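Visitor: Predicted coordinates and the sequence they were generated for:
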Amino acid sequence: MILFRYLTREVLLTMSAVAGILLLVIMGSRFIRYFSDAAEGDFPVTILGSLMMFHLPGFMELVLPLAFFLGILLAYGQLYMNSEITVMVACGMSPLRLLRVTFLPASIVAVLVALCSLWLTPAGALQTAATLEEQRSRLDVSVLAPGRFQDFGGGRTAYISDFSSDGTKMQEVLVHEQPGPESPHSFVTRAGSGYQETRVETGSRFLVLENGERYGVMPGQNDAQRLTFERYTMRLGLSRSLQELDSLEYATTQELWHDPNPRAQAQFQWRAGLPFMVFILALLAQPLSRVNPRQGRFGKLLPAIFLYVAYLSLLLAAVDAIGSGSLPTVIGVWPVHLLFLGLGLLLLWRSQRKGMR
């Protein structure tokens, strides 16, 4: 029991350190991209935290298997370097018994990966798409930058010269509306000032313009409409409903299971295969972690990473082949998993045959 707790702690601690570094790199890259979009005025900075949280399960489902794989390599490699494996062999520890010990933390990681891939990742992707779509389809004063033309959805473009001292009113507002299915006219509205208000009873958002003119022109005709107003109200918030976000990336796992479409089945098999991938990587990592003390604990790290990249690349190629119809869904991605499962069993057999010296 003491030995079991020791090995589990070493693997999980190393995995946590590797996962933290990988998450920091990946999320940092995504945060920089979102921050650049926010600086361009695509959405307010206040939703950056929510967007990163929605993306976290998608990062975790890819980072955790790799971090666990590297955690076993580094933790067991250190045990070989310190000759602790030699002591375990003298006490009767075999590769098969060590594998049984390794499979318990692998089960914990596999459950976390399954939660992310089967439930949290599609839910987070749907929330991300809905949030971004909502921001694109409505004007929010907080995302407008003075002196720039900015698109805010619905075929409309806004320009403001400046804000008032308290930041609640816009000055010298120009709004262009392109022709749409509701009206064939192209409208240009200019106002001396404007502000945004929300009707409490309905929750609707409106842009209120004051002291300006509104021009309507139909392409191909010489006449134009002109309207002078002291107050003009323009309704905002014409966002699409969540039901229109019907990409397979956002579909629940249960919906994918009942969908015979090859693309849906490819997405389902990708999600379902990730938890199994954790156990296969654990099987591969144990014999690969055996290093000569003169080689160092990183002696087999590079070949192991190449093996992981090959595994992931073949999985992605199989998913693309299923989605395109060139690979039957009955076969699916499972031959790739079986291939690396066989490779892991072969390496384990060789390790068992040669011993753990």
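Guide: That came through fine. Residues are numbered from 1 along each chain as shown.
Visitor: check contacts around K300.
Guide: By CB atoms under 8 Å, 6 or more residues apart in numbering, K300 lies in contact with 73, 77, 288-291. Bear in mind the C-beta positions are built from the backbone N, C-alpha and C, glycine included.
Visitor: Okay, S313 and L284: tell me how far apart.
Guide: Going from S313 to L284 by CB to CB, to the nearest Å gives 15 Å.
Visitor: Which one's more surrounded, the two?
Guide: L284 (24 against 11; other CB atoms under 10 Å).
Visitor: what's the nearest residue to that one if we skip its chain neighbours?
Guide: G344 (4.5 Å; CB to CB, 6 or more residues apart in numbering).
Visitor: Tell me the one among the contacts of K300 nearest to T168.
Guide: Set against T168, the nearest of the contacts of K300 by CB to CB is L73 (57.5 Å).
Visitor: so which strand or helix has that closest one?
Guide: helix 48-81 (DSSP states H and E).
Visitor: Which other helices and strands does that helix contact?
Guide: If contacts are counted by 3 or more CB pairs under 8 Å, 6 or more residues apart in numbering; DSSP states H and E, helix 48-81 sits against helix 2-39, helix 84-90, helix 95-115, helix 121-136, helix 262-288, helix 301-324.
Visitor: hmm, 7 Å instead?
Guide: helix 2-39, helix 95-115, helix 121-136, helix 262-288, helix 301-324 (3 or more CB pairs under 7 Å, 6 or more residues apart in numbering; DSSP states H and E).
Visitor: which stretch in these is the model least sure about?
Guide: Within the helices and strands packed on helix 48-81, confidence is poorest for helix 121-136, with a mean of 80 (mean pLDDT).
Visitor: Ramachandran angles for the closest residue to Q265 other than its chain neighbours?
Guide: Closest residue in space to Q265, ignoring its immediate chain neighbours: T329 at 4.3 Å, by CB to CB, 6+ apart. Note on T329: backbone dihedrals following degrees, to the nearest 10 are phi -70, psi -20.
Visitor: wouldn't T329 be in contact with V319 here?
Guide: No - if you go by CB atoms under 7 Å, T329 and V319 don't touch, sitting 11.0 Å apart.
Visitor: Compare these two and say which one has the larger neighbour count.
Guide: Remark: of T329 and V319, V319 carries more neighbours, 21 against 18, as counted by other CB under 10 Å.
Visitor: Might you report the residue contacts of the more buried one?
Guide: 266, 270, 333 (CB atoms under 7 Å, 6 or more residues apart in numbering).
Visitor: tell me, how many neighbours does the first one end up with?
Guide: Using other CB under 10 Å, A266 has 24 neighbouring residues.
Visitor: Verify the stated contact: A67 with A17.
Guide: No - with contact defined as CB under 7 Å, A67 does not reach A17; the gap is 8.4 Å.
Visitor: More neighbours: which of the two?
Guide: Counted by other CB under 10 Å, A67 and A17 do not tie: A67 has more neighbours, with 22 against 14.
Visitor: what residues are up against the residue lying closest to that one once chain neighbours are set aside?
Guide: Excluding the flanking residues, the one nearest A67 by CB to CB, 6+ apart is A19, at 3.7 Å. A19 makes contact with 63-64, 67, according to CB under 7 Å, 6+ apart.
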